[in-house]
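Peer 1: mind folding the following:
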Amino acid sequence: MDIAQNWLIDNQQMLIDFSIKLLVALAIVIIGKFIANMVRKGVVKVMRHKGMDDAIISFISSLLYGMLFFIVIVAAISHLGFNTTSLVAIVGAAGLAIGLALQGSLSNFASGVLLIVFKPFKSGDFIEVSGVTGIVEKILIFSTELRTGDNKTVIIPNGSITSGTITNYSTKPTRRIDLIIGVSYDADLAKTKALLHKVVSADERVLKDQAITVGVSELADSSVNFVVRPWVKSSDYWPTYFDLLEKIKTELDNEGIEIPFPQLSVHMNKEEKNES
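Peer 2: Model prediction:
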C-alpha cells in the first residue's frame, strides 16, 4: 500500500498533466466531430441545390466526413503525445493499395460524378455513346443504363462514356432530316425538284418557319442525287423520316420519274461455224 501511495505522490504531477491532455483530446474529438458534421451538412445542402443524385450526395458526404473525422482522431492522439507518423503511413499505404486495386471502379465513380455535375444528358434523353444508341433510363454512380430501340437494356461503364464522344439528340427542340433521293439522268430536274419540295411541304410536321432545302448534290454513276432537308421537332424526327421516304417514292412513281437501281446486263453472242 505504501508503494502505491509513494508512486502516486511521485507521479502526481505527471498524472495531472496526462489527465489534462486526455480532457483536451476528448474536447478535440467532440468539437472536431461537430465541425465535421456541420461541414458534411453544408456540402449536402450545396449538392442538393445543384440537383445532384442522392447516391452521389450520400457517397461524397460520407467520404468527406470520414476523412475529416480521421484527421480529428489523429490530432487527438498526437496531442496525447503518441507518435502518429506510423499510423498515417499505414493508412496511406492501405489507401494506395485499395486505390490501385479499384482503379477501374474509382475511374467509373469519378466519371459518374462528372456526368451528374455537368449533365451532358439526363434520364429520358435519346443519346449515342460507346457505339450504343438508346434512351437514358438511369445514371448510376458507376454506370449508365440505356434502353435501345428494340427494348434491350445496355449497361455502360461511366468511364467509357466520359472518355468517348457523347451525341445527345434530345438537347435541341428541333432536328434536320437529311434525305438523299436519286433519280434517273433522263428525269426532268426542275419537275423533280418541285415535286420533292411539294411532298415535303405538305407534311404538317415539317416546320414552316425553317427553310426547306432541296437541290442537286451529286451526279453519281447511275443517278442524279437530290438532297432533301426539312426541319421537324425532335420528337417527330423518325416518324416524319419514314413517312417522307414512302410519300416521295409514291409520288415519283405516279409522275413516271424513275429511281434507278443497280442493273447487270448480260449479252450472249452465238457464233455459227460453217462446216465444210
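Peer 1: nearest residue to Lys208 in space, please, no chain neighbours.
Peer 2: Ser201 (7.9 Å; CB to CB, 6 or more residues apart in numbering). The C-beta positions use only the backbone N, C-alpha and C, and glycine is treated the same way.
Peer 1: beyond the strand or helix carrying the one you found, next helix or strand please.
Peer 2: Element membership for Ser201 (DSSP states H and E) is helix 189-202. Downstream of helix 189-202, the first helix or strand assigned by DSSP H and E is strand 213-219.
Peer 1: got the buried residues for that next one?
Peer 2: Across strand 213-219, burial judged by 16 or more other CB atoms under 10 Å covers Thr213, Val214.
Peer 1: contacts for it?
Peer 2: With CB atoms under 8 Å, 6 or more residues apart in numbering as the contact definition, strand 213-219 has outside contacts at 180, 189, 193, 196-197, 200, 224-230.
Peer 1: returning to what we had before: the residue nearest to Lys208 against Ile212, yeah?
Peer 2: Yes: with contact defined as CB atoms under 8 Å, Ser201 reaches Ile212; the gap is 6.5 Å.
Peer 1: of these two, who's got more company?
Peer 2: Higher neighbour count among Ser201 and Ile212: Ile212, with 17 against 12, using other CB atoms under 10 Å.
Peer 1: tell me the spacing between the more buried one and Ala202.
Peer 2: Distance, Ile212 to Ala202, by CB to CB, to the nearest Å: 11 Å.
Peer 1: could you do Glu145 as well?
Peer 2: 40 Å.
Peer 1: which one's more surrounded, those two?
Peer 2: Glu145 (16 against 11).
Peer 1: isn't the more buried one up against Pro157?
Peer 2: No: Glu145 lies out of contact with Pro157 (CB under 8 Å); the separation is 11.3 Å.
Peer 1: about what we covered before: mark which of the contacts of strand 213-219 are buried, thanks.
Peer 2: Members of the contacts of strand 213-219 classed as buried by 16+ other CB under 10 Å are Lys193, Leu196, His197, Val200, Val224, Phe226, Val228, Arg229, Pro230.
Peer 1: hang on, the earlier thing: pLDDT at the residue nearest to Lys208, what is it?
Peer 2: Per-residue pLDDT puts Ser201 at 95.
Peer 1: ditto for the one 5 residues further on
Peer 2: As predicted, Val206 sits at a pLDDT of 96.
Peer 1: for Val232, see how far away it is.
Peer 2: Going from Val206 to Val232 by CB to CB gives 6 Å.
Peer 1: which strands and helices sit next to the helix holding Ser201?
Peer 2: If contacts are counted by 3 or more CB pairs under 8 Å, 6 or more residues apart in numbering; DSSP states H and E, helix 189-202 sits against strand 213-219, strand 224-229, helix 237-254.
Peer 1: what's the closest of those to His79?
Peer 2: Of all the helices and strands packed on helix 189-202, helix 237-254 sits nearest to His79, with 66.4 Å by CB to CB.
Peer 1: quick one: buried residues of that closest one?
Peer 2: Tyr237, Thr240, Leu244, Ile248, Leu252.
Peer 1: ok, which stretches of this protein are helices?
Peer 2: 2-10, 12-49, 54-79, 85-101, 103-118, 158-162, 189-202, 237-254 (DSSP state H).
Peer 1: highest mean neighbour count out of these?
Peer 2: helix 158-162 (a mean of 21; mean count of other CB atoms under 10 Å).
Peer 1: list the contacts of that one.
Peer 2: 104, 107-112, 114-115, 129-130, 140-144.
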